[in-house]
Structure formats: structure tokens, C-alpha cells
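Enquirer: sequence below, structure please.
(2 chains)
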Amino acid sequence: MAATAAQPGLRTNRLPFRWDTPVTYVLALAVAAVSIAPVLYAILGGFRTTGQLAADPAGLPDPWVWDTYGRVLKQGTFWQSVVNSTIIALATTLGVVTLGVCAAFVLARYKFRGREGLYAFFTLGLLFPAAAGILPLYLLLRDLHLTNTHLGVIIPQIAFQLPITIVILRPFLAAFPDELEDAAFIDGASRLGFFWRILLPLSRPALVTVGVLAFVASWNAFLLPLLVLQSNELHTLPLGVQNFSAQYSQDTAGILAFTSLAMMPAILFFTLAERQIVGGLQGAVKG
Amino acid sequence: MTTTEPGLAGRARARPARPGSADATRAARNRRKWFEIIGLSGPAAVVFTLFVLVPIGFAGYYSLYKWSGYGWPDEFIGLDNYFGPYGAFKDPIFLAGLRNNAFILVGSLLIQGPLAIAIALLLNRRFPGRAAFRMLVFVPYVLAEVTVGIMWQLLLQPDGGVDAFLTRLGLEQFITGWLANLEVVRWTMLFILTWKYTGFALILFLAGLSNIPDELNEAAAIDGASWWQTQRYVTLPLLGPTIRIWIFLSMIGSLQQFDVIWVASAPAVRSLGASNTMATYMVDHGFNQREWGYGNAVALILFVISFVAALIFQRFVLRRDIQGAQTRGVA
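Expert: Sure thing, here's the model as predicted:
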């Protein structure tokens, strides 16, 4: 391939006809099929009856049944858990981004004794899984009377997410040239003014990235809400899915419909934010 | 102070200040600086300490007691929760969980890594529709672990979607109790986790690949390197740091594996040690059976294993990468 590209001159090297493009497509199609076939099966399964599913597990809906999805959507529990998940995820995101950017700002733009120590202290959180502390954390929350409250999920989730947030934000904030800061000082801004008026607006892409990561982590979280939230009316979507599948274990079509609906917000959200996530990680993995 | 803040000090010197007030302003500025440092980083440090680090300390403390979780623990039993006749290291089910974690860890690295690199190189080629393909391939990673676990649990039921699919392909002789066969279920779990997390490796690798300037590949092509040679000798070495970071994250993730297994694998199968992990074992015993002292001992074992593995990995593998990041950030 290289030899053929070299012969007709360098100009064609840019976008030559690739004999292997069809191969690329076939492979890409295969990978995509494996990735989404189970999801499609679940979504289509929601349009069938449990009887249809039992008679021909691999078949298509025949006839299409809309009732199952309708039944789930009319259930208060589904919407209740969507609302709960949204509240918890938004509060977690807001908390992580606020606390994280303030700490990252200090670590990136102040020079002081113990700075690297403070940074290393935060990165300790990356060295072990959050699950390791979950039992004593539950006991701590119980003593603080935070079990069975949304706050009991939100605050620990902020804490879990801080290390990765700071690790991503710090190099981003440090990369702004000192001249920018000097210029702000000459114009009479204090360091906090520089942070608030100049650095924060300029850091929007990085803030969105860490925000999206925090939001998705919270939206999908299971272990902490499982331990902390006892009442059904406080349950988040992952707990709702689990409850539904335990409660209606014979209703395969219903579980597939509920599961599919539970997937939709995440898929939608990711479709909208994909560029941000991948873009933000580019900065993070560069180091 | 003057040495550490060249910008400000330089300006202070350039501007002829009255001799007496220079020290006072510097002291005031210093005070203000520390005020800002503590005010801005304090809240994060407090929340992080209280809800991430303190619980680990308590896990160590509680693990020395036999305790049902009510009142203050008072029945001190030393290290019996670890090494006693009924301690974790004497329980074959816990040891099975430990082995399952190791199985997931090694299996994830060996399968997801090469798979994700291959897919990343494939999707890094320029072809129409590439963005759509990328989006589809990320889908499993985006879904919540619980949804994935329940979806696969239904698909893998006897006579479920997977069995029907295999029958259509004429492979029915391979059908087994995917979730019930005690020899098979850990492979089933590894399969689900691979399906779910290959997308995560892929996101990282694609991000890493897009940081590699096209000029390098073009230069290699001009020098007569084939596509394969370019990937092997230019792209992959440059992807090294990203791969190492992924190994690190995947390792920690494998050790704390809980969600998928909790919902996809029946409690009875877990309790026989066929599919449990340290984390599911910990919640089963500590939270559900109210053996808080014992559960905390398991938590501490999980912590120590992860922490030691992470430190070793950082010390010997990640050091270069992380140092690079730090010095770049500071300078």
C-alpha cells in the first residue's frame, strides 16, 4: 500500500482510494452490532408480550404492543425515580464543580508551601475504590442522621468525585499564561477577581467535562444509594430498575420496557455531551 | 515570599514604595493569600477527608470488634475477623470472591485492552460515518451498571434471547446455564463486564489517539511505512501513557466490582462463591447480615489490596507519566 501511494506522487497521499475501506466498514459494523444488539433486543422486547417472548425469544414484535411501555410510563414510581435521580445528579454536579474548581484554582495558581502535599492528598482518593469505605460511611451517615435522605447520597458523591475533578482541572487552570494574570493585576483585579471574571469563563470546556463526568457517575451510581436510601419514594433510577425487576420478576416484557426507558436519559445525555466528554479526556490523558 | 512570587515582587520593586510600608503591605498580602488558599481549598479538603478518608480509618477500627452495628463497639476481638477461625482468610467463600476479583482483573486487562486498541485503531481511520460508529460503540459504557446487569440477566435466562440466537446459528450444543452453572457463571460475568467496559477503554484510547499529530503518521507514510508499520512503531508507542492510565483505572475498577454482579447473579450463586466479589461479599455480610465488624474487616482488606496495588503500579509504571503531568502543570 505504501509503495503504491509513493509512486503516483505525494499529492494523492492525502486521501487516496483505499482498497481496504470496505473491510473497515465490515469490521466497524460488526463492532457496532455487538455493542447495540442487546440494547435493541431489550427495546424491541418491550414492544412484545411476555407470551411472545417465551414463544419465540429471538423474534420481532408481532403484533407490536404499546401497552407495556404505556403501563410503565403511567406508573408513578418511574417518574418519581427519574426526578430523584435528576435532583441528586444535579446537586452532586454543582457541588463537585464548585468545590473542585476552587481547590484546583489554589493548586494551580498559588505558590505556597505544602502545595504538592495538598495535591497528593487529594489524589489519594484515586488509589482505592470508593466501595472500600462504604460500610463505615453508612455508619457515619447514620450518626449524622443523613441516611434515607438525598443529602446522604449527594455529599459523599461530591467527596468521591473530587479527586478526579481536581486532577483534570488543575493542569487546565495552570496552563493559562502568567501574562494573563499579570495583565489582570495591572488592570486592578485582585487574584479572586482574576479567578472569577477571567479564569472561570475561560475554563468553561473543562468545567463542562468534569460536570458531565460527575453527572453520569451520579446518575449511574448504585451501591451508595442502595445502602443509604431505604424509602421507595427516595429511590433513584438504578434502584427503581432493580425494584421493578424484583417485584415483577415474571413480567419479562415489563422489565425490558422499564429497563429500556431507564436507558434513554443516559443515551440521550451522552449523545448531546459526547464531544465534551471525549474532548475533555483528551486534555486529561495527555499528561 | 519575594522569591516565590516573581511577578508581584518584581512589580513591587519596580514601583518605588515608601520604605516603612513595604513590609506591612507584604505581610498583609501574605495574610490575604493564605486566607484565600484556605478559604478556597478548605471546603473540598474537609468534605474529602470526612467522607472518603475518615471512613477508611473507621473501617480499620471497627474491624477489630465483633459488632452488630448498634451502640459503640465494645467486644474487642483483635484480628480475629481477619485471621481467626471464623475470619475472612479462613472463609472459602471470601477467598473465592478474592479469586473472582483477580479473575475479573486479569480477564479485563487481557481481553478489553487488545480489543479496545484494535477498535480504536479501526475507528481512528478516516471514513464517512465514523462519528456515528463511535457513538454506537460507546453505548454500553454509557448505560448504568444496574440496567446492563438486568438486561443481560434477562437475555441470558434459559431459553432467553442469547440461547435463541445461538440456536439459530446452529450452536445449541454450547448452551448452558449461563447464570446457574457454577463453573460457567464467572465467565458470564466477565463477558458482561467486557461488553460494558470495553467502551471505556475505547474512549480513552480514541482521546489519546487524537492527541497524536497527523504529521507523524504522514511522515512515516512518506518514509514508506505501511499502515500496519505506522500503527506498530509510531502510534502505539505514543499511546503508551494512555494505555498505562487505563490499566490503572481498570485495575481499581475490577477490584471494586459490585453493581453488575449484584443484579445479574443470583444471591444463591454468589453465596456459593461462584460469582461473588469482595465487594458483594462485604455488603452481604456487613450490611445485610449485620456483621459490621466482620464486614469492615473485608472492607479494609479490599482497601489494602487496592491501595498497595495502586501504589506499586504508580511507583513503577505510571511514574513517568504522572511526573510529566505534574511538572507541566506547575511550570
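Enquirer: name the element residue 181 belongs to?
Expert: No chain was given, so I picked chain A. helix A:178-186 (DSSP states H and E).
Enquirer: show the subsequent helix or strand relative to that helix.
Expert: Next helix or strand after helix A:178-186 toward the C-terminus (DSSP H and E): helix A:191-194.
Enquirer: for that next one, which outside residues touch it?
Expert: Here helix A:191-194 makes contact (CB atoms under 8 Å, 6 or more residues apart in numbering or on different chains) with A:109-110, A:181, A:184-185, B:33, B:36. (Glycine included, C-beta is placed from N, CA and C.)
Enquirer: still on that earlier bit, the helix holding A:E181 and chain B, any residue contact?
Expert: Yes: using CB under 8 Å from any CB of the partner chain, we find that helix A:178-186 touches chain B at A:178, A:181-182, A:185.
Enquirer: if any of those residues are buried, put those into a ChimeraX selection.
Expert: Per 16 or more other CB atoms under 10 Å in any protein chain shown, the buried members of those correspond to this ChimeraX selection:
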select /A:181,185
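Enquirer: closest to A:A262 out of the residues of helix A:178-186 next to chain B?
Expert: Nearest to A:A262 out of those is A:E181 (CB to CB; 46.1 Å).
Enquirer: for the closest one, which non-adjacent residue is closest in space?
Expert: Once flanking residues are discounted, A:E181 sits nearest to A:F194: 5.7 Å by CB to CB, 6 or more residues apart in numbering or on different chains.
Enquirer: and for the one you found, the neighbour number?
Expert: Per other CB atoms under 10 Å in any protein chain shown, the neighbour tally for A:F194 reads 21.
Enquirer: got a pLDDT number for it?
Expert: We note a pLDDT of 89 for A:F194 in this prediction.
Enquirer: so where's the stretch 51-200 of chain B shaky on pLDDT?
Expert: Low-confidence segments of the stretch 51-200 of chain B (pLDDT under 70): none present.
Enquirer: please, where are all the strands along it?
Expert: B:65-66, B:75-76 (DSSP state E, counting those that start in this stretch).
Enquirer: so the first one, near chain A or not?
Expert: No: residues of strand B:65-66 are not located near chain A by CB under 8 Å from any CB, the shortest gap being 12.2 Å.
Enquirer: give me the sheet partners of that strand and which way each runs.
Expert: Note on strand B:65-66: by DSSP bridges, its sheet partners are strand B:75-76 (antiparallel).
Enquirer: domain assignment for the chain?
Expert: The chain I'm using is chain A. Taking automatic domain parsing as the domain assignment, the ranges for chain A are A:2-67, A:75-286.
Enquirer: try chain B instead
Expert: Using automatic domain parsing, the domain ranges for chain B come out as B:6-51, B:89-330.
Enquirer: could the ones you listed be laid out in TSV, adding mean neighbour count and distance to chain A?
Expert: Conversion of those to TSV gives the following (neighbours: other CB atoms under 10 Å in any protein chain shown; distance: least, CB to the nearest CB, whole Å):
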stretch	mean neighbour count	distance to chain A
domain B:6-51	14	4
domain B:89-330	19	3
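Enquirer: of all the contacts of helix A:191-194, which two lie farthest apart?
Expert: Most distant of those, by CB to CB, are A:A184 and B:K33, 15.8 Å apart.
Enquirer: and the strand or helix carrying A:V83, what does it pack onto?
Expert: Using DSSP H and E, A:V83 maps to helix A:76-109. Secondary-structure packing of helix A:76-109 (3 or more CB pairs under 8 Å, 6 or more residues apart in numbering or on different chains; DSSP states H and E): helix A:115-123, helix A:151-174, helix A:204-220, helix A:237-247, helix A:252-286, helix B:19-48.
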